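> structure of the sequence below:
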Amino acid sequence: MDRDRLRSQFAEHFYRSLDESGVRMEAIPAAQLQALVRASADGVFAVLDAVEAESAPPSCGEPPEEGSVAAEGVEQVLWTGKPYLSLSTRYELTSQRLRITQGLFSRTMEEIDLVRVRDSKVTQNLGERSFNLGDIQIFTSDSSTPEFRLENVRDPMEVREILRSAYLAEQKRRGLRYREEG
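The predicted model follows:
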């Protein structure tokens, strides 16, 4: 969703909230009130951008090489991210697992061991492609979570490749081989 559309939705909610609260704004000229609403929306966007920058993923790491400390069992963070414009969901990919943390006030964390990942795919609609966003669907051998979707991820193709390299490296480290059921 682009900023003009978000700004329009913000203004709509702002004016609706004013009406519902009974606050009377006749003393402020309409042009100044619109400027105030626009400035408020821009302030919200600036805060969201700051939160986004603060939690921006570090440069995407590579899976551990054989013989390295991480390859010997020490977990290493390979990628962190979150859905675009989300404050309550965080993704963290390590050399051994994928963690999904949800919630602002209360937290729920789900983990998927990379050794259980079987495949993944990326889907992008036209709007997501224009912002280089997409969804990554992960297929696992875990009966409780056979499929999971990472939504609105930045650089989804690159993240999928990091995920793929990580789960193949973890399976190799543990000496596991994937076998198709007939």
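> from now on I want contacts and neighbour counts done on CA atoms only, so please keep to that.
Will do.
> hey, where'd the strands end up in this structure?
Using DSSP state E, the strands found in the chain span residues 77-81, 89-94, 97-102, 108-113, 117-123, 133-140, 147-154.
> so how far is the longest helix belonging to the chain off the chain centroid?
Longest helix in the chain, counting residues (DSSP state H): helix 30-54. Taking the mean of its C-alpha atoms, helix 30-54 sits 22 Å from the chain's own mean (Cα atoms, centre = their mean, to the nearest Å).
> summarise which helices and strands it is packed against.
Contact partners of helix 30-54 among helices and strands, from 3 or more Cα pairs under 8 Å, 6 or more residues apart in numbering; DSSP states H and E: helix 3-21.
> tell me what the helix it packs on is packed against?
Here helix 3-21 touches helix 30-54, going by 3+ Cα pairs under 8 Å, 6+ apart.
> buried sites along the longest helix of the chain?
Neighbour counts over helix 30-54 (16 or more other Cα atoms under 10 Å) mark Val37, Arg38, Ser40, Ala41, Phe45, Glu52 as buried.
> now the angle between helix 3-21 and that helix, please.
Calculated by axes from the mean of the first three to the mean of the last three Cα atoms, to 10 degrees, helix 30-54 forms an angle of 120 degrees with helix 3-21.
> fine by me, thanks again.
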